[in-house]
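**Q** sequence and predicted model, in that order:
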Amino acid sequence: MKRCASPDHPHCTTWVMPGAPVCAHGHAQPADPGHEAAMTADAAAPALLPRALPQAVPALPVYAQPVPARPHLRVSGFDPRAAGGRQTIKLTLHAMAADAPARLEARLASELLAGSGARLAFTRDVHGGWLPLYIEFSSRGREHGQYRIDVELRGEPPRRHEAPAAADAGAPVAARAWVATLVLLVPRPDASLEEIHRTFLSTHKNVRISADDASIARVHGLDAGGPMDIEIAARNAGIARLDLAGLAGNGHGGGKIDLALPTIAWDEDLIEIDLAAASRAGAQVPARLAGAHPCPASSACLVAANGRAGVPRHLRLFALDECVLGRWESTQAGAGPALLHYGAHGPEADGLTRRLSARHALVRPRRDGFEIEDVSRYGLLLDGAWPGKRHAVPLRAGMRIEFTASIRGVVLLEVGALSAHGVLLRRADGGADDECFLLLAPERHPDAALTAAAMPPLFHRDGGFWHLDRASGRETALAPGGAAGSLAGLEGYGRFAATARPEDRRPG
């Protein structure tokens with residue numbers, strides 16, 4: 001390599017490859033006799049020494065392998081100058097594992113987002129890439145400072161009863177999850193651009209106020225006071241700062257400077273979680289035949305044999321990614337608990353029951369519990385307060401869920417027990433002796449150390465419901481005809497039905 005040797009452009013310092021006719025700027029290079037002689041000698045060497053070199057050179061071992069890219073989120077479009085206004089941030093997924101599920105559910109939680117707890121999803125396109133997500137929020141009325149956005153990506157494995165050929169016969173199928181945390185700066189309305197960028201850059205790693213090697217800066221006719229065209233490409237959120245005050249105030253009368261500051265973009269690593277916990281849970285699961293559940297079902301019911309005090313007659317079981325709590329309809333069954341108002345003479349299909357929406361509330365499993373979201377017309381109350389429509393709220397043990405917010409006394413539920421794999425909803429009204437609801441996360445094994453004592457020892461796996469003996473660790477598949485009442489923790493229940501409301505079935 002040598003620098004440009006054009007006699008017409010002595011100030012050009014561009015590096016030029018040996019033998020190149022021009023440099024990168026198009027300056028003609030003088031001929032190099034030494035280089036031409038060397039090329040001639042190299043061309044003649046094989047003819048003069050035909051056997052000087054071996055016929056084949058053995059391949060050298062490769063000692064260094066390229067480091068694979070880590071999964072990360074690309075955050076772009078953030079403009080902290082829009083203080084008090086609306087923002088739209090673009091999230092793109094990069095370097096995700098090839099064996100990742102085709103759909104990754106994104107759960108966002110932040111004080112900055114109006115719909116904190118919103119659930120979006122990354123999906124693949126026809127070429128295998130990931131479609132971007134967009135987050136919208138407003139900083140109007142927000143206190144200035146840094147706001148955190150917690151992002152969790154969860155990919156559920158295929159159900160064994162849906163794709164038995166793809167399931168491994170020996171190992172339990174576990175969900176995969178990744179987490180990341182974004183930190184956004186909401187500046188003061190009167191903050192300068194310099195203060196905004198300095199504060200923002202001080203809160204993020206791998207950011208420098210400099211341009212990378214790939215950046216380009218071109219200046220033409222600076223000495224003559226002509227037009228100046230500068231192009232800066234800063235990667236990894238780098239910012240190149242230019243002081244143009246001297247040009248604007250020079251002796252030629254100054255000039256107009258158009259300065260366009262781009263939005264800020266950066267990468268956030270995705271950290272995969274729960275793999276070790278899933279491995280430990282899988283090691284504790286005894287060996288069994290894969291996909292051998294005798295009664296695959298996502299809803300079922302345990303019916304009490306006798307009117308035992310303190311035991312509801314129906315323990316209704318559900319294992320869904322999203323349970324819908326809504327009004328009971330005789331013509332169709334919903335994807336979740338069907339609610340009825342209980343009056344002085346029992347359940348009433350009309351009257352106050354009609355104040356319940358067909359889709360009144362949604363209950364979904366989270367990584368560490370469950371959440372509820374109001375999607376109804378008349379609303380609901382959580383511990384006496386309305387959470388707001390389309391706003392997911394984590395469930396807590398002892399929380400009271402009242403239907404509805406505008407008309408009181410329709411249905412009252414209470415969180416009787418809560419764990420990572422299930423939530424028990426008891427009725428705290430006239431239907432307390434008739435039914436309670438157990439909502440389970442599909443394909444999630446319970447952790448005995450973290451399961452509440454009041455939680456029934458049930459879980460969902462391989463497409464069906466199982467009983468877990470906490471003392472011995474023995475697992476028993478629940479199916480019609482089995483002796484459910486003889487299992488520990490299920491005393492008083494004598495019959496298992498593969499439907500949530502067996503009393504609604506017409507005979508014949």
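**A** Arrived safely. Residues are numbered from 1 along each chain as shown.
**Q** check contacts around Asp469.
**A** By CB atoms under 8 Å, 6 or more residues apart in numbering, Asp469 lies in contact with 457, 475-476, 487-488. (Glycine included, C-beta is placed from N, CA and C.)
**Q** format these as JSON lines; extra columns: secondary structure and pLDDT.
**A** Formatted as JSON lines, those follow (DSSP: H, G, I helix; E, B strand; the rest coil; pLDDT from 0 to 100):
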{"residue": "Pro457", "secondary structure": "coil", "pLDDT": "90"}
{"residue": "Glu475", "secondary structure": "strand", "pLDDT": "87"}
{"residue": "Thr476", "secondary structure": "strand", "pLDDT": "89"}
{"residue": "Leu487", "secondary structure": "coil", "pLDDT": "86"}
{"residue": "Ala488", "secondary structure": "coil", "pLDDT": "84"}
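**Q** just put those residues in a markdown table and tack on neighbour count and distance to Ala100.
**A** Below are the contacts of Asp469 laid out as a markdown table (neighbours: other CB atoms under 10 Å; distance: CB to CB, whole Å):
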| residue | neighbour count | distance to Ala100 |
| --- | --- | --- |
| Pro457 | 19 | 33 |
| Glu475 | 16 | 29 |
| Thr476 | 18 | 34 |
| Leu487 | 20 | 38 |
| Ala488 | 14 | 39 |
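**Q** and the residues you listed, which two are the farthest apart?
**A** With CB to CB as the measure, no two of these lie farther apart than Glu475 and Ala488, at 12.1 Å.
**Q** so what's the backbone phi/psi at Asp504?
**A** Here is the backbone geometry of Asp504 (degrees, to the nearest 10): phi -80, psi -10.
**Q** the nearest residue to it once chain neighbours are set aside - how many residues pack around it?
**A** Spatial nearest neighbour of Asp504, excluding adjacent residues (CB to CB, 6 or more residues apart in numbering): Ser330 at 7.4 Å. Ser330 has 8 neighbours, counted by other CB atoms under 10 Å.
**Q** for Pro456, same thing?
**A** Using other CB under 10 Å, Pro456 has 22 neighbouring residues.
**Q** same thing with the one 5 residues further on?
**A** Neighbour count of Arg461, defined by other CB under 10 Å: 22.
**Q** what's the pLDDT at it?
**A** We have a pLDDT of 85 for Arg461.
**Q** who are the neighbours in contact with it?
**A** Per CB under 8 Å, 6+ apart, neighbours of Arg461: 172, 293, 443-445.
**Q** go on, Pro446?
**A** Residues in contact with Pro446, defined by CB under 8 Å, 6+ apart, are 419-422, 455, 457, 459, 468.
**Q** so which of the residues you listed wins on neighbours?
**A** Most neighbours among the contacts of Pro446, by other CB under 10 Å: Gly422, with 26 neighbours.
**Q** distance of that one from Leu131?
**A** Computed as CB to CB, to the nearest Å, the Gly422 to Leu131 distance reads 33 Å.
**Q** cool, and Leu113?
**A** Leu113 is 20 Å from Leu131, by CB to CB.
**Q** higher neighbour count, these two?
**A** Neighbours per residue (other CB under 10 Å) separate Leu113 from Leu131, with Leu113 holding more: 16 against 11.
**Q** name the SS class of that one, please.
**A** coil (DSSP: H, G, I helix; E, B strand; the rest coil).
**Q** count of neighbours near Gln124?
**A** Just to correct that, residue 124 is Arg rather than Gln. By other CB under 10 Å, 16 other residues sit near Arg124.
**Q** in JSON lines: the contacts of Asp469, plus distance to Ser357.
**A** Output for the contacts of Asp469, formatted as JSON lines (distance: CB to CB, whole Å):
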{"residue": "Pro457", "distance to Ser357": "33"}
{"residue": "Glu475", "distance to Ser357": "38"}
{"residue": "Thr476", "distance to Ser357": "37"}
{"residue": "Leu487", "distance to Ser357": "36"}
{"residue": "Ala488", "distance to Ser357": "39"}
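**Q** between those residues, which sits nearest Arg103?
**A** Glu475 (29.3 Å).
**Q** now Ala344. Nearest residue, chain neighbours left out?
**A** Residue nearest to Ala344 in three dimensions, not counting chain neighbours: Gly430, with 7.6 Å by CB to CB, 6+ apart.
**Q** what residues are up against Trp178?
**A** When contacts are counted by CB under 8 Å, 6+ apart, Trp178 is found next to 71, 104, 152-153, 270-273.
**Q** again but with Ala97, I slipped
**A** Counting by CB under 8 Å, 6+ apart, Ala97 makes contact with Pro71.
**Q** and it, what element?
**A** Following DSSP states H and E, one finds Ala97 outside all helices and strands.
**Q** from the contacts of Pro446, which ones fall inside strands?
**A** 422, 459, 468 (DSSP state E).
**Q** nearest to Arg148 among those residues?
**A** For the ones in strands among the contacts of Pro446, the nearest to Arg148 is Gly422 (29.1 Å; CB to CB).
**Q** what's the burial count for Glu329?
**A** The burial count for Glu329: 12, using other CB under 10 Å.
**Q** wait, is it part of a helix?
**A** No. Counting by three-state DSSP, Glu329 is not part of a helix but coil.
**Q** tell me the contacts of it?
**A** By CB under 8 Å, 6+ apart, Glu329 lies in contact with 338, 358.
**Q** and with 7 Å instead?
**A** Listed by CB atoms under 7 Å, 6 or more residues apart in numbering, the contact set of Glu329 reads Ala358.
**Q** then Leu320?
**A** 298, 335-336, 442.
**Q** before we move on, the earlier item: format the contacts of Pro446 as CSV; extra columns: distance to Arg366.
**A** Below are the contacts of Pro446 laid out as CSV (distance: CB to CB, whole Å):
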residue, distance to Arg366
Ser419, 12
Ala420, 8
His421, 11
Gly422, 12
Met455, 16
Pro457, 21
Phe459, 16
Leu468, 21
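**Q** of the contacts of Leu320 - the most surrounded one?
**A** Gly336 (23 neighbours).
**Q** let me know the secondary structure of that one.
**A** coil.
**Q** from Gly482, how far off is it?
**A** From Gly336 across to Gly482, the span is 25 Å (CB to CB).
**Q** how about His25?
**A** His25 sits 84 Å away from Gly482, going by CB to CB.
**Q** which one's more surrounded, those two?
**A** Taking neighbours as other CB under 10 Å, His25 and Gly482 compare with Gly482 leading, 16 against 10.
**Q** return the subset of the contacts of Arg461 lying in helices.
**A** If you go by DSSP state H, the contacts of Arg461 have nothing in helices.
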